[in-house]
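> sequence plus predicted model, see below.
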Amino acid sequence: MKITVVGTGYVGLVSGACLAEMGNDVLCLDLDPEKIRILKEGGIPIHEPGLDQVVARNVAAGRLHFTTDVQEAVQFGTIQFIAVGTPPDEDGSADLQYVLSAAKAIGRHMTDYKVIVDKSTVPVGTADKVKAAVRAELDARGENIPYSVVSNPEFLKEGAAVDDFMRPDRIVVGAEDDQAIFLMKALYAPFQRNHEKLLIMDLRSAELTKYAANAMLATRISFMNELALLAETLGADIELVRHGIGSDPRIGYHFLYAGCGYGGSCFPKDVKALIKTGADSGHNLRVLNAVEDANDAQKLVLVDKVVERFGEDLSGKHFAVWGLAFKPNTDDMREAPSRVIIAELFRRGATVTAYDPVAMPEARRVFGEDARLVYAERPMQALDDADALLIVTEWKEFRSPDFDVIKAKLKSGIIFDGRNIFDPALPKKAGLTYLSIGRP
Ligand SMILES: NC(=O)C1=CN([C@@H]2O[C@H](COP(=O)(O)OP(=O)(O)OC[C@H]3O[C@@H](n4cnc5c(N)ncnc54)[C@H](O)[C@@H]3O)[C@@H](O)[C@H]2O)C=CC1
Ligand SMILES: O=C(O)[C@H]1O[C@H](OP(=O)(O)OP(=O)(O)OC[C@H]2O[C@@H](n3ccc(=O)[nH]c3=O)[C@H](O)[C@@H]2O)[C@H](O)[C@@H](O)[C@@H]1O
């Protein structure tokens with residue numbers, strides 16, 4: 001099948017490469033000439049394990065191409081995936097300007113039947129807006145070319161994106177006409193072998209399903225984070241509680257890890273957008289408001305623990321921070337807890353040496369030149385002259401350190417672990433004070 005992907009960012013590039021891997025001819029469009037130049041020269045503008053091989057293999061096979069030419073891109077694919085960004089507007093709602101300008105471009109240049117697929121995360125009712133935007137362009141041209149609009153939200157996770165796309169738990173397709181349903185079924189036929197993974201539904205239900213999924217996962221995390229704080233006060237261990245409840249199949253083990261808050265480009269944005277959608281339609285989504293409040297507070301929990309030990313004024317104190325990305329296996333720092341934690345340490349007068357296996361270039365962009373923040377080349381180097389260590393992202397390489405070396409380096413001998421990555425017995429055996437989330 002011939003496919004165009006409009007927007008070659010994170011989701012667009014992963015989707016385009018994986019759709020090519022499934023045997024389709026794919027043309028990826030982006031308006032950012034720098035991104036397309038990098039891709040055409042064989043580079044990858046994002047950090048995602050395994051993606052470089054899939055891209056290289058399909059470019060070499062002649063199935064995956066990149067362009068900045070809007071007309072060429074629109075005329076190429078029968079299926080047009082819109083995978084542009086939907087960042088939060090000032091009031092928390094999803095900003096649809098990129099989606100609607102992509103829809104207009106399709107309406108402006110299409111010459112035959114198109115299935116226009118919203119893959120971006122968009123509020124309920126966006127498919128109707130996309131339909132109207134395309135119709136307005138066709139009317140302006142005096143054309144009546146047929147088209148369908150489909151909602152096909154994406155559920156991939158950064159750091160595991162290729163696997164998530166190629167081995168999906170489910171594929172949600174919102175569509176309302178037979179021709180679009182036929183083509184989407186044909187496109188996703190390779191995933192149908194073993195399970196009934198393709199869920200066809202109406203457009204609005206598909207759009208709401210995406211927000212419901214992210215909001216449910218964020219709710220689990222905030223719930224566990226609140227219980228972790230309670231466990232600390234009561235002298236219980238949240239890790240044991242997690243096992244205790246996860247073994248109930250109605251609850252399950254996934255996404256029950258307490259920590260220093262959820263970040264990333266999706267949960268914070270999508271929880272906000274769903275709250276706004278609720279408010280706009282007269283529904284105060286009380287649970288989700290609480291999920292967001294709890295998460296904002298959770299991002300400061302590590303600093304609260306630092307203040308308990310070192311006092312409100314941290315002038316003259318120096319901290320090592322392990323982990324800057326919002327989670328491991330990505331260099332993405334959007335809404336990362338590290339940003340809030342480091343900013344709060346600065347506000348209280350402290351300085352920081354940070355280490356992250358891949359996100360340090362991104363951190364330099366985020367924090368700019370700031371004498372209060374320096375970077376280490378290795379995790380242990382970050383501990384030089386540090387009063388204490390804060391662990392913010394659970395990278396694998398942090399999991400088995402030499403605790404005796406940490407004890408020798410840290411002035412206070414305290415580790416504040418925001419991701420519960422150690423068995424508490426190990427740092428304690430080396431004489432360290434180990435303060436994690438929700439554990440005695
Ligand atoms: N990042 C993630 O893990 C996931 C993101 N999503 C959703 O997918 C959507 C895209 O997210 P990302 O890929 O992270 O965004 P991104 O910001 O990485 O990429 C968006 C790309 O679209 C391009 N673009 C904007 N307007 C364009 C236009 N009119 N024509 C062509 N290109 C255009 C931009 O230059 C940029 O390269 C969002 O709605 C997001 O919520 C869904 C699942 C996972
Ligand atoms: O809509 C999206 O864009 C995507 O958002 C999330 O994916 P992602 O943001 O890549 O990352 P997650 O693995 O979900 O982690 C999000 C945050 O939650 C935190 N988290 C996760 C799990 C957990 O148990 N505890 C916890 O604190 C992570 O540290 C991270 O900061 C969803 O998991 C994807 O299914 C979805 O497609």
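Noted; the coordinates are in hand. Keep in mind it's a predicted model, so treat the numbers as computed, not measured. Ligands and ions are numbered 1, 2, ... in the order given.
> and the residue of the chain found nearest ligand 1, how many residues sit next to it?
As assessed by C-beta to the nearest ligand atom, ligand 1 sits closest to Gly9 within the chain, at 1.6 Å. In short, each C-beta sits where N, CA and C put it, glycine included. If you count neighbours by other C-beta atoms under 10 Å, Gly9 ends up with 19.
> quick one: contacts for it?
Asp30, Lys35, Ile46, Ala83, Val84, Gly85 (C-beta atoms under 8 Å, 6 or more residues apart in numbering).
> rebuild those as JSON lines, extending it with neighbour count, pLDDT and distance to Ser15.
Output for the contacts of Gly9, formatted as JSON lines (neighbours: other C-beta atoms under 10 Å; pLDDT from 0 to 100; distance: C-beta to C-beta, whole Å):
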{"residue": "Asp30", "neighbour count": "23", "pLDDT": "98", "distance to Ser15": "13"}
{"residue": "Lys35", "neighbour count": "21", "pLDDT": "97", "distance to Ser15": "15"}
{"residue": "Ile46", "neighbour count": "18", "pLDDT": "90", "distance to Ser15": "13"}
{"residue": "Ala83", "neighbour count": "27", "pLDDT": "98", "distance to Ser15": "6"}
{"residue": "Val84", "neighbour count": "27", "pLDDT": "98", "distance to Ser15": "12"}
{"residue": "Gly85", "neighbour count": "18", "pLDDT": "96", "distance to Ser15": "14"}
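> can you narrow these to ones near ligand 1?
Asp30, Lys35, Ala83, Val84, Gly85 (C-beta under 6 Å from any ligand atom).
> ok, back up a step: can you redo the contacts of Gly9 as a markdown table with secondary structure?
Below are these laid out as a markdown table (DSSP: H, G, I helix; E, B strand; the rest coil):
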| residue | secondary structure |
| --- | --- |
| Asp30 | coil |
| Lys35 | helix |
| Ile46 | coil |
| Ala83 | coil |
| Val84 | coil |
| Gly85 | coil |
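> you'd agree Cys18 is in a strand?
No - Cys18 sits outside any strand when classified using three-state DSSP, being helix.
> need the residues of the stretch 201-350 of the chain near ligand 2, please.
Close to ligand 2, as judged by C-beta under 6 Å from any ligand atom, the stretch 201-350 of the chain has residues 214, 217, 221, 255-257, 259, 262-264, 266-267, 326-327.
> and these, which of them are buried?
Neighbour counting with 16 or more other C-beta atoms under 10 Å marks 214, 217, 221, 256-257, 259, 262-264, 266-267, 326-327 as buried within those.
> can you tell me which residues in the stretch 51-200 of the chain are near ligand 2?
Going by C-beta under 6 Å from any ligand atom, the residues of the stretch 51-200 of the chain near ligand 2 are Thr121, Glu154, Phe155, Leu156, Lys157, Glu158.
> out of these, which is nearest to Asn225?
Comparing those against Asn225 with C-beta to C-beta picks out Lys157 as the nearest, at 19.1 Å.
> just the mean pLDDT for the longest helix seen in the chain, thanks.
Assignment by DSSP state H gives helix 203-234 as the longest helix of the chain. Average pLDDT, helix 203-234: 98.
> related to what we said a few turns ago, show me the two of the contacts of Gly9 that sit farthest apart.
Going by C-beta to C-beta, the pair spanning those furthest: Ile46 and Val84, at 15.0 Å.
> who in the stretch 151-300 of the chain is up against ligand 1?
So the stretch 151-300 of the chain meets ligand 1 at Glu154, Leu156, Glu158, Ser265, Cys266 (C-beta under 6 Å from any ligand atom).
> got a markdown table for these, with secondary structure and distance to Ala376 too?
Formatted as a markdown table, those follow (DSSP: H, G, I helix; E, B strand; the rest coil; distance: C-beta to C-beta, whole Å):
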| residue | secondary structure | distance to Ala376 |
| --- | --- | --- |
| Glu154 | coil | 35 |
| Leu156 | coil | 31 |
| Glu158 | coil | 24 |
| Ser265 | coil | 26 |
| Cys266 | coil | 29 |
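> would you turn the residues you listed into JSON lines with pLDDT?
Converted to JSON lines, these look like this (pLDDT from 0 to 100):
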{"residue": "Glu154", "pLDDT": "96"}
{"residue": "Leu156", "pLDDT": "95"}
{"residue": "Glu158", "pLDDT": "89"}
{"residue": "Ser265", "pLDDT": "92"}
{"residue": "Cys266", "pLDDT": "94"}
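> much appreciated, bye for now.
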